Each structure stands twice: as C-alpha cells, then as structure tokens.
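In: Dropping a prediction and its sequence here:
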Amino acid sequence: MAEQVLAAAIDQASVGIGVLSSDDGWLHANDRLCEILGYAPGKLSGLSRNQTTHPADLADETACLAELRRGEIASAQMEERYKASDGKAVWVSVIAARARATGPRGDLFVIVQDMGARRESRRGLSVQHLVSRIIVEAQGAGETISTVLSEVAIALRWSFAAYWEVDKATNSLKPAEIWRVPGRNLDRFEKATRETVLPYGTGIPGRAWVEGTPTWEADVAGNGKYLRSQVAARDGLHSAFAFPIRTREKFFGVMEFFGEDVLPPDQSLLNAAEGVGYQLGEYLERGRATEAAHASEIRKASILDTALDCIITSDADGVIMEFNPAAEATFGYRKADVLGRQMSELIIPPSLREAHRAGMKRYLATGEAHVLGRRIEITAMRSDGSEFPIELGIVRVPLPGPAFFTAYLRDLSERKRLEREQKFLLHASEELASSLDYETTIASIARLAVPDLADWCAVDVIEPDGKIRRVAVAHEDPEKVTLVQRLEEKYPTDPDATFGVPAVLRSGEPEYIADIPDSLLVQAAHDAAHLKALRDLGLKSYLVVPLKTRGQIFGALTLVYAESGRRFQESDLALATDLARRIGTSIENARLLEDSEQARHELEVQAAEMEIQATEMEHTQDQMEMTNEELQTVNAQLRDKTDETRAALAAAEEANKAKSEFLATMSHELRTPLNAISGYAELLKMGIRGPVNDAQVADLERINRSQGHLLAIINDILKFAKLEAGHLELKIEDFPIEEELSKVEELVRPQIDAKQLDYRYEAGDKTVRVKADRDRFNQILLNLVSNAVKFTPEKGSVVVSWKETGDRVRAQVADTGVGIPKDQLERIFDPFVQVDSGTTRVSEGVGLGLAISRDMAKLMEGDVTVESEPGKGSIFTLDLPKG
C-alpha cells in the first residue's frame, strides 16, 4: 500500500520526477516530466538518457552522474538542456540522487523543473553584469571586444560568435573578431564568415545596422535570404541573434551569435543586448578619445626624442628644463646631469657667456630681442671644452606665466668641413689646371693639404718604365721635409711591402690605419737607426689612396697625422679619393699631351718622308706607264695563246675519246682470235687431230702461256684506260682483311713452287676489317704478290702480313728480290714504266700493274707505297681506311 501511495504522489507532483536504470534507461517518468519534454503520458519510459539529454550537455551530465553512482557525492544538481520530442532544447534544473526503494533495477531518482521562463529573465541581467565587469577589467578596446564576444557566447551557450566592423570606404560590414566553441567542427562556417562582406542592410548583422536595434532569427538554416544559411545548416547551426554597438551619434559594428538549437526570440535577452550595445559603444568612444590624446602625447615625445636637431628648453633664469637625445649626443652630457643646471655654464663658450646673460636680462626687462625668432650661426661648447659651430634658433614658449625658451640647435661641423673640403678641391683643381708641368702642380697641392688635411702629404707616381718615384712631400716644418727625404734616399721603400704605397699600387684599393701600431714601424724599418727615426716622427694615423682614373693607376697619395694627434676616419677616404682622382687626371692629361707632341713630331717626320716618296712615286709612275703598254702587248699575245690552248684541249679530249673507242674495238678484235688460239691449242693437246708427243705438248703449253700473257696485257691496258677516263665503278663495303689475304697463296702457288720460294703468310687480328671494293682489293693484292714472286730469285722469300694503325689498315708484301734504285721508287708507279734492275729479265710486261694498283687504291681513299734497296728486296704497302 505504501508503494502505491508513493507512486500516486509521484504521478501527481507539480515537478517532473523519473527513475533512471543502471544502464541509463528511463524506468519511470511522471506525467509532468513527459509534459516538460513534450511526450504523452507514459511515452517517456523505455527511452534512454542519451535520447533526452541535449548533445551539448550530455558529456557533463554523464560525468556528474558517474560520480553519483560511485558514491563520491550524495546528490547532483545541474542546470542544463533536455531535448524535447520535437528536437527543441528545453532548459531544466535537475536534482539527482541514488534511489533506494524503486525496485531491484532502480538506480537514480531524478527531479526535473522547467527553467525556461526563469532562465530568460535571468539571462539578460547576467549578460549586462558580465559586460560591465569586462569593461572595468579590460586594458584596451580591442581586448574588450574580443573578451565580450567569447564570454557572452559561453555564458549563453551559443556555439559561434562574430564581431563585424564598418568599412567606411565600401559602406559594408567585415568580420573583425571570431569565436567558436572548442571541440566543435565549425571550419566551413568560420571560413564562410571570414570571406563574407555584408553590404548595408544585408544579413542579420546588416538588419541590426539598419534598424539600430537587436534582431533575432529562430532558424537560419536553409533560409535563402541569408548568405551563409546553407553552410550554417551543414555545420548544425540554427538560431541566431545580433545587436549593434553604437552611441546616439556613432555606429561601430555588430555582434552576432549562433546556436545549435532552434530557439524562439528571447525578449529579455534582446532588451539586455540593446543596453549592452550602447554600453560598449560609449566605452569605445571614450577609449578612442583617450587613445587619440595618448597618441598625441606619444607623437610629441617621439618628435622630441627622434629629432635630429638639439632641442633644449630653459626658464627665464637659464636653468635647463628639457634636453633631448640629440642634445645628449651632440654636447656629450646625459639628460639627468644637466636638468636644473645653468645652460650658460654647460654649452656656451666662456667668451660668449656675458653677452648671453646681458641679452636675456635686456629681453626680460624691455622685451627687446636681438636673437629671439632668428636663425644665426654661433659657436657652442661640448662637455670636453671643445668648441664647434652651430646654427641656433630660439623661441619663447607661448604659455601664460613665467617665460620659458626653447632653443633649436644644429651641429654645423660636418657642413663646415664639407665647405672647407669643396673649397680645397676647387683650389686644387685650379692649381692642377694652371700648368702642364704636373710635378710642379702636385708639389703645390701637397703644400696646400698641410696642415688642414694632414700633418704630412706625399705623392708617388709610376714612371712609364714601371718604377715608383716620389715627386712631392710636404710638412709645415721644412727641416722635417729634408729629414724625410734623406731617410727615403738611405732607406728606399720595399716595392714588395704588404702595406703602404706598394700594396695600394698593386691592389688599386685605398688603405688607412686609424692608429699606427709600433709593430708596423718595426716592420717598415731597415735597421735600429731607421726605426728610431720613424718613432721620432711621431706618426699617429695614415691613409693611402691610388691616383686612379678610368681604371688606370698613375701613383698614390699619402696623408699622415703626427704631432697634431688627430686620427683619420673611414669618412676621410672620400675627400682623399676625390683629390687623388684629380691628381691622376692631371698626370694622365700631361702624359697624353706629351704623347701627342711626340706623335705630332713623328707625323712631321713621316710627312717629310712621304714627300720624298711621292717624288719617287711620280718617277715610278712614268716607268709603270711604259711597262703598262708592254703588258698590254703581252696580254694580247697571251689571249692568242689561250685560244690556241683551248683548241688544243678540245683536240686532246676528242683524241682521248677516239682512244677509248679504239681500245674498246681493239679489245674485242684481239680477244676473239686470242680465245680461238687458246681453244685450238687445248683441242690439239686433247688429241682431237691425232696423238701428240711430249715435245708437241710443251709447244702447245707455250702457246697457251703466250696467249694468256697477251690477254693480261690487253686487260691491263683497258683497266688503265677506264681509270684514266674516270669510268671505273667501285662497290665499297666492310669485310675482314684476313679472308682475302689468306686466299692469295692459292693463286700464285704454281709460280712459288716453280721457283722454290719461301712464302709466308703472317696472320694478324682476324677481327680487323677494311673498307674497300673487295674485287679491286684482291686485284691490287694479287698484283703486288705476283710482282714479288716474279722479281724474287729462286729460293728467295716472300712475306704477306697486315697491321692496324689508328683508323687505317696496312697490308704489306715483302720480298728478297732484286730491289729498286732510290731514284726509281716513284717512277715505277707511272704507266708503261719498268725498272731495269741490271739483271737478266725473266718476265715481260707493259708496266701498267703498279700504276693501276695505285690509282685504284686512291679511288678507295688509300695508297700504294714502296720501300726498297737494290740487291736486298722491296716492301710494298697497301694503305686503306679501317672498316
């Protein structure tokens, strides 16, 4: 009965009450809980907590309930969102505790109250308090906007926020700040927002701008009138509201917020947002005014601190009130050391202090000012007591009350130095232009340089023969000049020195040493006496620059500080280089003039010689005219001879043609009977006409040999004729030379055996190939071997070999025959020539074989040559391209 009473009480309660199982399912939910979430009575039971808790709050709720189940806490209280049956978010207050009497499956007892109306009324107020706190704590306008954007979004549980600023140039809104809830993937919507520009009146921010009041949209997803609606839908964003940030007169921008739920307008929040917008607008307006004033003060201080001129402010008594960094650098005082002290004691030279005090006294008494409001040049004094020129302007500070004065000072030392340098260079140029005797003018320039530019000045020039010669040295003390000249005579400068004039002349680059170390004097000294003399001169600093113009070096200019104690700086190189260039130009011009005078003299001599030559040429011309007439006569005779030669050439060509026709006819006419002779002789040997005895066979063989010999002569004559006429055709190919050389022996073996000769074939690399006409190659080789066999006495030797030399192949035939006299070595290659060796001739021929062989070899880009000595034999070489 008690359980039934409890169940009835739960069902009739005015708050939502439910029981969650250990696996987070709703075991029981009263009618009020179903009503809060939009379910019919009894329809909530069986659903899981994951289905009823808003996804954004599910993780926090799960963690809290886990602590409750573990017994770490006695109860849990949360303000969160549940998800209604229509998907909308419902703000609720939840109290959970471990259940004790709900059955074995019971776990948690949950009490739920609807917080909608109460939360709406609280949200507006909390937002106003939040923004007020941020404004009080913020350090600047930019920080304030960023903080308000994120803090309001977090407090109201919105997932995305943006601040839009007005772009006055385009009258549009552009995103200036963006915030999004951590852990939520809103990349697409953020990208779309950053890339969006909203014209006046466009989108939710544009509406807030135009209307000047907050605006709300329950669901922007898929709403075509908003530019980012589709992206919002894809990223799960629905409700949005925005409010303007403004004052009564000025508009600054719009804050925009997006949530993941579809929410109806919250009037309490809209009202609070309008007040927050005005609150932020007033803050920004005050902040900008403050920033402008602060910026003005910063600019004034910056001008004072960064001004190149000295700015010093003092009161009527001359007490220093302001002393800027430029004044510190110029006068050598620290600001802290001069404030409150008398200006006249610090920066005015003693000789001018009384005049300064009198002028100030007069002005304060009568208002009469001689310096005030004017710019004058005067002398000032540094902290070390040195005086220097300045440009001064003094004005009275336009403030009521006691008089204050601001002085603007500019150091004129550099300008005065440049003026002196330009004046010096002008004087130097005038001096250099006054005479073409450059040695005299250079000596004058050296004297001008002392003591303004240096304590010592010396000039060395390179003579045309390459030697270095000093043409000028200057110092205020003539005795010191004499001393230095004597030292130079006794101790000449080492031309290979690694410093000073020799080094500069070699490199063409200037050299300077601000402080001359004693080690350099030790290095330059020839002996102890020389070192003492150099030390006595008291040399402190030096620079050397080349006398260079248009890339050519004519010498060097040396400047040295000694007893004055001054030091050269890198900036002094510019003046020295300019002076050296002018001296170099003077030397170049003088030498060019000297060269032109020499050239003019040489031209005058040449002109006189040409007059003599002209007279001789006139005489020669007369002789040439006579010779010309004789040449014309000779030319006429040559033309007649030319005509005769052409006629003779035509006749020769006709005769050559007739010769070729004759040889072709003769070949045919002679070969027919010769072939018949050979044929009939063979028939007789065969016994066609009856038996023949040995003597008759020998006679018939003699007839055949004679016939073959005559036929070979005829063939040689025809080949030579074709070669001479250029009608011989070649078929060039690559083939192994060994294939052809090895065959030669078979063709001449009968002759070799008949003479009992020692025939040797020395084979080489069988892969070597030759580039030639195979038939012509064999013909040449057979001719050379046949000749060797023919002219070698019985029991002699014949050797055939070849070798490879670079891109050539050489086949050689060596014999131990009769040899050839030296004066006949070339004649044997002429047609129809046979050398008489002085021995009985054992063979006959017409002397065409070698001539034909050489001509064919040359047609194949080769040659046939011979080496021979009478009585010892010959070596014939066939040279051809390698295949």
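Out: Here it is on my side, so go on. Here the structure is a predicted model, which is why all the values come from computation and not from measurement. Numbering: from 1, shown residues only.
In: can we go C-alpha only for contacts and neighbour counts from here?
Out: Will do.
In: Could you identify the longest helix within this structure?
Out: Secondary structure of the chain per DSSP state H: the longest helix is helix 572-685.
In: same question for that one, mean pLDDT?
Out: On average, the pLDDT along helix 572-685 is 74.
In: Show me what it packs onto, helices and strands only.
Out: Counting contacts by 3 or more C-alpha pairs under 8 Å, 6 or more residues apart in numbering; DSSP states H and E, helix 572-685 packs against helix 413-433, helix 438-449, strand 541-549, strand 552-561, helix 694-725.
In: what comes up buried for the fourth one?
Out: By that I understand strand 552-561. 553-561 (16 or more other C-alpha atoms under 10 Å).
In: Serialize these to JSON lines and add fields for pLDDT and distance to E439.
Out: Below are those laid out as JSON lines (pLDDT from 0 to 100; distance: C-alpha to C-alpha, whole Å):
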{"residue": "I553", "pLDDT": "92", "distance to E439": "16"}
{"residue": "F554", "pLDDT": "91", "distance to E439": "13"}
{"residue": "G555", "pLDDT": "93", "distance to E439": "12"}
{"residue": "A556", "pLDDT": "94", "distance to E439": "13"}
{"residue": "L557", "pLDDT": "94", "distance to E439": "13"}
{"residue": "T558", "pLDDT": "94", "distance to E439": "16"}
{"residue": "L559", "pLDDT": "94", "distance to E439": "18"}
{"residue": "V560", "pLDDT": "94", "distance to E439": "20"}
{"residue": "Y561", "pLDDT": "94", "distance to E439": "23"}
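In: how many neighbours does L741 have?
Out: Neighbourhood size, L741 [other C-alpha atoms under 10 Å]: 20.
In: give the contact list for it.
Out: Counting by C-alpha atoms under 8 Å, 6 or more residues apart in numbering, L741 touches 781, 800.
In: Check the gap between it and L263 for me.
Out: Distance, L741 to L263, using C-alpha to C-alpha, to the nearest Å: 112 Å.
In: which one of the helices and strands packed on helix 572-685 is the most hemmed in?
Out: Across the helices and strands packed on helix 572-685, averaging neighbours per residue (mean count of other C-alpha atoms under 10 Å) puts strand 541-549 on top, at a mean of 25.
In: Show me what that one packs onto, helices and strands only.
Out: By 3+ C-alpha pairs under 8 Å, 6+ apart, strand 541-549 packs against helix 500-507, strand 511-513, strand 552-561, helix 572-685.
In: Adding distance to R228, write the ones you listed out as TSV.
Out: Listed next are the helices and strands packed on strand 541-549 as TSV, based on distance: least, C-alpha to C-alpha, whole Å:
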stretch	distance to R228
helix 500-507	72
strand 511-513	72
strand 552-561	75
helix 572-685	67
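In: Ok, which of the ones you listed comes nearest L539?
Out: strand 552-561 (6.2 Å; C-alpha to C-alpha).
In: List the contacts of that closest one.
Out: With contact meaning C-alpha under 8 Å, 6+ apart, strand 552-561 is reached by 453-462, 468, 501, 504-505, 508, 539-548, 567-568, 576, 580, 584, 587-588.
In: No further queries at this time; thank you.
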